[in-house]
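Trainee: 3D model of this:
(one chain, ligands or ions: 1)
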Amino acid sequence: MKVGMIGTGGFSRMHAEILADMEEVKLQAVCGTSRAKAEAFASEYGGANGYDQLVEMLDSEKLDAVYICVPPFAHGEIERQLIERGIPFFVEKPLAADLEVPGEIMKALQKKKLITSVGYHFRYRNTVAALKKELEAHTIGMATGSWMGSMPLVSWWRNRDASGGQFVEQTTHLIDLIRYTLGEVEEVYAVEADRLMAKQHEHVTAPDVGSAVLKMKSGVIVQLSNTCMLPAGVSQIELQFFHSGGITKMDQSGLTKCTPAMEIKEKDSVNPYIRENDAFLHAVRTGDASKILSSYEDAWRTQEVTSAISKSAASKKTVQLGGK
Ligand SMILES: NC(=O)c1ccc[n+]([C@@H]2O[C@H](COP(=O)([O-])OP(=O)(O)OC[C@H]3O[C@@H](n4cnc5c(N)ncnc54)[C@H](O)[C@@H]3O)[C@@H](O)[C@H]2O)c1
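Mentor: The predicted structure follows:
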């Protein structure tokens, strides 16, 4: 299987490493913002060809699948070209910095059915499968969660128009997990503020603290908070679910179930990134997409929620979701 990679940054590398360990998969071509960077990246992975023009790469190579690992602002034309040519793609989250581009891509995908997969890798954790099962067995009252970390120092991340900001760029993982386990969102209310990062770095337009309340269609209330102002190396990423059976907590180390009788801990035993790559390439190879846990269409709904959160914070109003 011949695979193309778009982007030469940190996450292209993460996927390229996984692809390198797979049999019958060859990283055939890499496209970056400069040919030199793309060629340097490509040469590390079995002599793949490097390009700085997407159309040139797609015209020159016969690719079975393409990975898109570019910053949120760079989406749109890449997906349009792949859909037009009928090439299945894996795209890293988030789908874009806003909802407009994913809306156009969704329309194109409705006209031309294609295997797609989105990098919401938390869904592939075995502890998330256990979490989903546990929550299905109980009546959920509410959930709380936090994505507390430091600001990624790549220049696009601090620019709200380019990255979408903390909810769109990173907390999107938690919002996606909330949707995956609790269903669709009905309305959101959010607040955001600038506390520190704009004073410490130039050109920071992304807020560094935020909090959102989500009312789910089921009636469950969810409250999520985030920051990107912590010093590097300190983080707290977690969700807590409060339900008729007790408390279930999910964090980077795994799952904890607290009932009146006992506390049970479950750790992750699989690499979710390997599982999501396997699921996508299995679908491309066989046409069976049942192992893909996040399609473009599903991820669009997560993007709809993060966009609604940004809209609520900007307007200071509750935003209803369309739920299309
Ligand atoms: N799922 C996860 O856990 C996870 C973790 C980290 C990053 N990501 C996501 O992966 C994406 C990329 O992040 P990263 O850390 O690799 O960023 P990065 O800044 O390290 O790299 C981005 C790359 O995209 C390239 N690029 C930009 N516009 C392009 C275009 N039009 N055509 C070709 N290349 C282009 C840049 O030159 C750069 O090589 C982001 O959306 C990020 O959210 C996901």
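Trainee: For the helix or strand hosting residue 101, output the C-alpha coordinates as PDB.
Mentor: Assigned by DSSP states H and E, residue 101 belongs to helix 100-111. The C-alpha coordinates for helix 100-111 follow below in PDB (Å, rounded to 0.1, in the frame of the first residue of the first chain):
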ATOM      1  CA  GLU A 100     -16.800  26.700   7.700                       C
ATOM      2  CA  VAL A 101     -14.200  24.600   6.000                       C
ATOM      3  CA  PRO A 102     -15.400  21.300   7.600                       C
ATOM      4  CA  GLY A 103     -18.900  22.200   6.400                       C
ATOM      5  CA  GLU A 104     -17.700  22.400   2.800                       C
ATOM      6  CA  ILE A 105     -15.700  19.200   3.100                       C
ATOM      7  CA  MET A 106     -18.800  17.400   4.500                       C
ATOM      8  CA  LYS A 107     -20.900  18.500   1.500                       C
ATOM      9  CA  ALA A 108     -18.200  17.100  -0.800                       C
ATOM     10  CA  LEU A 109     -18.100  13.800   1.100                       C
ATOM     11  CA  GLN A 110     -21.800  13.500   0.900                       C
ATOM     12  CA  LYS A 111     -21.500  13.600  -2.900                       C
END
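Trainee: Show me what it is packed up against.
Mentor: helix 77-85, helix 296-315 (3 or more CB pairs under 8 Å, 6 or more residues apart in numbering; DSSP states H and E). Placement of C-beta: from N, CA and C, glycine included.
Trainee: Out of the ones you listed, flag the one nearest residue 66.
Mentor: helix 77-85 (5.7 Å; CB to CB).
Trainee: Show me which positions of the closest one end up buried.
Mentor: 78, 79, 81, 82, 83 (16 or more other CB atoms under 10 Å).
Trainee: Show me which residues of the helix holding residue 101 are buried.
Mentor: In helix 100-111, counting by 16+ other CB under 10 Å, buried: 101, 102, 103, 105, 106, 109.
Trainee: Is the second one in contact with residue 298, as I believe?
Mentor: No: applying CB atoms under 8 Å as the test, residue 102 and residue 298 come out as separate, 11.5 Å apart.
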